[in-house]
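>>> Sequence and computational prediction follow.
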Amino acid sequence: MYRNTALWTLLSLFLVVGRLDAGSWPQFRGLNTGRDDSNQKLPEKIGPDTNVVWKVMLPPGHSSPVVFGDRIFVTAVRDQKLWTIGLDRETGKVLWEAEVPHEKLEPIHRIGSHAQCSPVTDGERVVTFFGSSGLFCHDRDGKLLWKKPMGPFKNDFGAGNSPLIEGDRVIVCQDHDTDSFLAAYNKHTGEVLWHVDRSEFPRNYCSPVIWNVGSKKQIVVAATLRVVGYDIETGKELWTVRGVSRTVCMTPTVGEDGTLYVAAWSAGGDAGELIRLDPYADVAAALDKNKDGSFSKDEVPDGPIKMRFSQIDRDKSETISQAEYEFFRGLFEKSKNVVMAIKPGAVGDASDTHVLWTYSKVVPFCSSPLVYRDQVFTVKDGGILSSLNARTGQPTKQGRLPATGDYYSSPVAGDGKVYFLSQPGKLTVVSAEAEWQVLHTADFKEEIYGTPALLDGRIYLRTHGHLYCFGGK
């Protein structure tokens, strides 16, 4: 009886998944890349009233849609409650909503969301992460399978790193002001398989990626001052490349040839705009007015320290100790804004051996780099689009897009086209070539933070209040 039931379950899943799925877009940016490599035709012209297959209302959230088989999954916030939502891929109909319990909503950035982390799915289960509310696993029909409480995290910007599923593991990286970690959980039970301390890394927002190197899979995270590759079986650090910014908000991508591409930017990391702090001993007498051996916020003058007081105060004591001050002084001194290419095969410190090239101009802030058709595409706030030769790092073209706002959504590409979405909700489609040209523009008139999913000739795009499906005739 059990064997028959299990067989029918597997057969049902195969039929459901096989009905629509020629691949999948199971996580943030698909499969590490932001590319649809299927060569299926994608519409060039899309907009609120152009090539719309369906459009449905959704509660807000910054997470990106993920797609597998006949289902789409997103997270959202409504009425101060957290939700995981499953939708029918063919019609956009909401099939189920599962409320995620929480004690209280944690502090977030002024433009942030309590649904910032994108879900991940393997077709049978969908895993979501809601910061200090924890990690949750539902089946494809919304039944809660397990949960893993976490936090509270010390970070007034909230959590933004999305989880991964690789084999039987759920991979989670969380870099906060203290207690940062990388961990693997059994996707069937939520059991901790391994847990790696990352306390040297304060708050970062790079989601981990899987890098296939030879016959081995590695977990790669770009964060404060260095990129690290970890063994997926044990969590052991395998290699590192130094020379990135003090905070990283972008997620690396893997090129068609297996090269890893990383972009990292934070204020004070551009040449000519470096932030330098005097040693603690030189400023203590002037700033520590009550002589308690630390700086309170009202003792610090306007400037780079006061602007980042909550970050520098890592233990949240409402004062900055000498150790906290000197730690951040070192970060400012070493921070470098950069786009870089790293070849596979690194062991140990590979900063001088495996970096193929670096490029340090017009580096973006949050919108992750895209590698497509031998070009690296990056978009900086203000709509400055750069294309670089993926093999050499040499710039091929730079120009300003018609949409000049900030960019939090990451670009995606397929069928020879690259799609960019600005925070105010404006779309630009460009040709995927070194001398790119603008092909189409549109205005959704709603803010956009999530990254679209591309699958089987369809584009799934989330705005502040809607989810769209676009397709050609």
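On my side now, so go ahead. Residues are numbered from 1 along each chain as shown.
>>> Test my guess that residue 99 contacts residue 82.
Yes. Under the criterion of Cβ atoms under 8 Å, residue 99 makes contact with residue 82 at 6.9 Å. Glycine gets a C-beta too; all of them are placed from N, C-alpha and C.
>>> More neighbours: which of those two?
residue 82 (22 against 12; other Cβ atoms under 10 Å).
>>> My impression was that residue 55 belongs to a strand - is that right?
Yes. Under DSSP: H, G, I helix; E, B strand; the rest coil, residue 55 sits within a strand.
>>> mind listing the strands for the stretch 101-250 of the chain?
For the stretch 101-250 of the chain, the strands defined by DSSP state E, counting those that start in this stretch cover 120-121, 125-129, 135-139, 144-148, 164-166, 169-174, 181-186, 192-197, 209-213, 216-223, 226-231, 237-242.
>>> Which of those sits closest to residue 414?
The closest of the strands of the stretch 101-250 of the chain to residue 414 is strand 209-213. By Cβ to Cβ, the value is 18.9 Å.
>>> Quick check: mean pLDDT of the closest one?
Across strand 209-213, pLDDT averages out at 97.
>>> now for it, which elements pack on it?
strand 164-166, strand 216-223, strand 253-254 (3 or more Cβ pairs under 8 Å, 6 or more residues apart in numbering; DSSP states H and E).
>>> Including mean neighbour count, could those strands go into JSON lines?
Shown next, in JSON lines, are the helices and strands packed on strand 209-213 (neighbours: other Cβ atoms under 10 Å):
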{"stretch": "strand 164-166", "mean neighbour count": "21"}
{"stretch": "strand 216-223", "mean neighbour count": "22"}
{"stretch": "strand 253-254", "mean neighbour count": "22"}
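>>> To residue 267, which of those strands lies closest?
Minimum separation from residue 267 across those (Cβ to Cβ) falls at strand 216-223, 16.3 Å.
>>> centre of the chain versus that closest one, how much separation?
Relative to its chain's centre, strand 216-223 lies at 14 Å (Cα atoms, centre = their mean, to the nearest Å).
>>> Just give the strands next to it in its sheet, each with its orientation.
Next to strand 216-223 in the sheet, as set by DSSP bridges, lie strand 209-213 (antiparallel), strand 226-231 (antiparallel).
>>> closest one to residue 418 among the ones you listed?
Comparing the strands paired with strand 216-223 by Cβ to Cβ, strand 209-213 comes nearest, at 19.5 Å.
>>> how close does the spatially most central residue of the chain get to residue 361?
Residue closest to the mean C-alpha point of the chain, counted by Cα atoms, centre = their mean, is residue 207 at 4.5 Å. For residue 207, the distance to residue 361 equals 25 Å [Cβ to Cβ, to the nearest Å].
>>> hmm, back to that, which stretch among the strands of the stretch 101-250 of the chain comes nearest residue 470?
Per Cβ to Cβ, nearest to residue 470 of the strands of the stretch 101-250 of the chain: strand 120-121, 21.2 Å.
>>> Now residue 344. Nearest residue, chain neighbours left out?
residue 213 (4.4 Å; Cβ to Cβ, 6 or more residues apart in numbering).
>>> returning to that earlier point: so can I have a markdown table of the helices and strands packed on strand 209-213 showing mean pLDDT and distance to residue 353?
Shown next, in a markdown table, are the helices and strands packed on strand 209-213 (pLDDT from 0 to 100; distance: least, Cβ to Cβ, whole Å):
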| stretch | mean pLDDT | distance to residue 353 |
| --- | --- | --- |
| strand 164-166 | 97 | 27 |
| strand 216-223 | 97 | 16 |
| strand 253-254 | 98 | 19 |
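>>> and this protein, what are its domains?
23-271+335-471, 280-334 (automatic domain parsing).
>>> Start and end of the longest one, how far apart?
Chord length of domain 23-271+335-471, first to last residue, is 17 Å (Cα to Cα, to the nearest Å).
>>> Pull out the buried positions in stretch 100-117.
100, 102, 105-108, 112-117 (16 or more other Cβ atoms under 10 Å).
>>> Test of understanding: give the bridge partners of the residue nearest to residue 344.
Assessed by DSSP bridges, residue 213 has beta-bridge partners residue 216.
>>> these two touch, right, it and residue 345?
Yes. Using Cβ under 8 Å, residue 213 is in contact with residue 345, at 6.6 Å.
>>> farthest pair in the buried residues of stretch 100-117?
Farthest-apart pair in these is 100 and 107; separation 17.8 Å (Cβ to Cβ).
>>> hmm, back to that, if you average pLDDT over each of the domains of the chain, which comes out lowest?
domain 280-334 (a mean of 93).
>>> on that earlier part again, just tell me which of the strands paired with strand 216-223 ends up closest to residue 390.
Using Cβ to Cβ as the measure, strand 209-213 is the one of the strands paired with strand 216-223 that comes nearest residue 390, at 15.9 Å.
>>> Just want the angle from that closest one to strand 237-242.
110 degrees (axes from the mean of the first three to the mean of the last three Cα atoms, to 10 degrees).
>>> could you check the angle strand 169-174 makes with strand 209-213?
Using the same axes, to 10 degrees, strand 209-213 lies at 120 degrees relative to strand 169-174.
>>> quick one: contacts of strand 209-213?
32, 164, 166, 171, 217-220, 229, 232, 251-254, 258, 260, 344-345 (Cβ atoms under 8 Å, 6 or more residues apart in numbering).
>>> Which parts of the chain are helices?
2-20, 280-287, 304-307, 309-312, 322-334 (DSSP state H).
>>> Find the residue closest to residue 151 in space, skipping its chain neighbours.
residue 132 (3.0 Å).
>>> Now do the same contact list for the one you found.
Residue 132 neighbours (Cβ under 8 Å, 6+ apart): 102, 106, 150-153, 159.
>>> How many residues are close by the residue nearest to residue 344?
Close neighbours of residue 213, defined as other Cβ under 10 Å, add up to 17.
>>> Looking at the strands paired with strand 216-223, spot the one closest to residue 429.
Set against residue 429 and scored by Cβ to Cβ, those come closest in strand 209-213, at 25.2 Å.
>>> Name the residues of that closest one that come out as buried.
209-211, 213.
>>> Look at residue 70 and say how many residues are nearby.
If you count neighbours by other Cβ under 10 Å, residue 70 ends up with 20.
>>> ranking the domains of the chain by burial, who's on top?
Stretch with highest mean neighbour count among the domains of the chain: domain 23-271+335-471 (a mean of 20; mean count of other Cβ atoms under 10 Å).
>>> still on that earlier bit, my guess is the residue nearest to the centre of the chain meets residue 161, correct?
Yes. Using Cβ under 8 Å, residue 207 is in contact with residue 161, at 4.9 Å.
>>> what is in contact with the two at once?
Common neighbours of residue 207 and residue 161 (Cβ under 8 Å, 6+ apart) are residue 173.
>>> I'd like to know how far the residue nearest to residue 105 when sequence neighbours are not counted sits from residue 446.
Sequence neighbours aside, residue 114 is the residue nearest to residue 105 in space, at 5.4 Å (criterion: Cβ to Cβ, 6+ apart). Per Cβ to Cβ, residue 114 is found 19 Å from residue 446.
>>> Also residue 346?
Separation of residue 346 from residue 446 (Cβ to Cβ): 42 Å.
>>> show me the contacts for residue 102.
82, 130, 132-133.
>>> Please read the previous query as pertaining to residue 246.
By Cβ under 8 Å, 6+ apart, the contact list for residue 246 reads 224-225, 266, 268-269, 328, 331-332, 334-335.
>>> repeat that with 7 Å
224-225, 266, 269, 331-332, 335 (Cβ atoms under 7 Å, 6 or more residues apart in numbering).
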